[in-house]
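Asks: Need a 3D model of the sequence below.
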Amino acid sequence: MRIRFSRLPSIALCLLPLALLASAARAVVGASNDGAGFGEKIVMVLKGDKSRAGFCSGVVVRQNVVLTAAHCVGDAAHTMIHFRAPDGAPVLSPVHRLAVHPAYRANAIRTRERSVDLALVELAEDLPSDFQPATLATASEAAPGQSFRVAGYGLTREGDAHSAGQLRIADLTLRAPVSDILLWLEDPSHAGTGACTGDSGGPIFEADGRTVAGIIDWTGGMPPNKCGALTQGAKIGPQKGWIDSVLETWQGR
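Replies: Below is the predicted model:
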């Protein structure tokens, strides 16, 4: 059952500062723009237990399914979806079940293993009708210099938890080398724009702003910063078969 609040629930407020420790991708910092026009496709993903808590972003792919990063979810009992109702009230929606990509490796950054950081989250109830599922890319080809648009609810000022919670977008370009499963994006002006804490799980749109080419899963910055230099995402095209398979299985149950 969904839980509606007259103001942002305390659980979400508690998650914001703790998320600085829990998210791999640290909202968009630098020259980002308001995400108006994208809110009907993007939600927040909350994860927490007695010892750790964090928040991410996620993109709607069905009226009751969200695609996000695998490191953004726990088990179904400790994962919730946060969004605003049509009247603006904050809502927490419980999760029915989730699926983590079989090639996901939680320690991949440390061990340098090949990993696909994706997860699908099925809600217990459909999202409101004003949410519209995004179109997922089927192709995976991309060339250095190609433009992409990232979106998320994360920090707009690195280290400031109070700067999170507003949907922001930014335009980045693909940098070399080109990977078969990852997108490596950078600010073309090298002015420090990129994803940050809370943007993990958020969509990487193609330049048209309609087709999701990737899911944000990690960021890097120029020391001492941890954001703004490199935004990494898992490519959707090579994983479209897995996504479709899970969705088909869920639809049949």
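Asks: how far away is residue 181 from residue 83?
Replies: Residue 181 sits 29 Å away from residue 83, taking Cβ to Cβ, to the nearest Å as the criterion. Quick note: C-beta positions are derived from backbone N, CA and C, even for glycine.
Asks: out of the two, which sits in the busier spot?
Replies: Higher neighbour count among residue 181 and residue 83: residue 83, with 23 against 17, using other Cβ atoms under 10 Å.
Asks: Just the element for the more buried one, please.
Replies: Using DSSP states H and E, residue 83 sits within strand 79-84.
Asks: With residue 241 instead?
Replies: Using DSSP H and E, residue 241 sits in helix 240-251.
Asks: and residue 78, how many neighbours?
Replies: 15.
Asks: pLDDT score for it?
Replies: Note on residue 78: pLDDT of 94.
Asks: And for residue 191?
Replies: pLDDT, residue 191: 88.
Asks: before we move on, what SS does it have?
Replies: Three-state assignment for residue 191 (DSSP: H, G, I helix; E, B strand; the rest coil): coil.
Asks: quick one, phi/psi of it?
Replies: Main-chain torsions, residue 191, degrees, to the nearest 10: phi -110, psi 10.
Asks: rewinding a little: Provide the strand pairings for the strand holding residue 83, with the direction of each partner.
Replies: strand 42-48 (antiparallel), strand 90-100 (antiparallel) (DSSP bridges).
Asks: in the stretch 151-253 of the chain, which spans are strands?
Replies: With strands called from DSSP state E, counting those that start in this stretch, the stretch 151-253 of the chain shows them at 168-174, 182-186, 203-206, 211-220, 230-235.
Asks: Turn those into TSV, including distance to residue 242 and mean pLDDT.
Replies: Below are the strands of the stretch 151-253 of the chain laid out as TSV (distance: least, Cβ to Cβ, whole Å; pLDDT from 0 to 100):
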stretch	distance to residue 242	mean pLDDT
strand 168-174	23	95
strand 182-186	16	97
strand 203-206	17	97
strand 211-220	13	96
strand 230-235	11	97
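Asks: By mean pLDDT, flag the weakest helix or strand of this protein.
Replies: helix 10-22 (a mean of 39; mean pLDDT, DSSP states H and E).
Asks: re earlier: return the most buried member of the strands paired with strand 79-84.
Replies: strand 42-48 (a mean of 25; mean count of other Cβ atoms under 10 Å).
Asks: Can you give the contact residues for that one?
Replies: For strand 42-48, the external contacting residues (Cβ atoms under 8 Å, 6 or more residues apart in numbering) are 11-12, 15, 18, 22, 35, 53-60, 66, 68, 72-74, 78-83, 92, 121, 127, 131, 151-153, 165, 167, 198, 201-203.
Asks: Can you list the buried residues in stretch 178-186?
Replies: By neighbour count on 16 or more other Cβ atoms under 10 Å, the buried set for stretch 178-186 is 179, 181, 182, 183, 184, 185, 186.
Asks: which residues does the second one contact?
Replies: Remark: with contacts taken as Cβ under 8 Å, 6+ apart, residue 181 is in contact with 114, 116, 234, 235, 238, 239.
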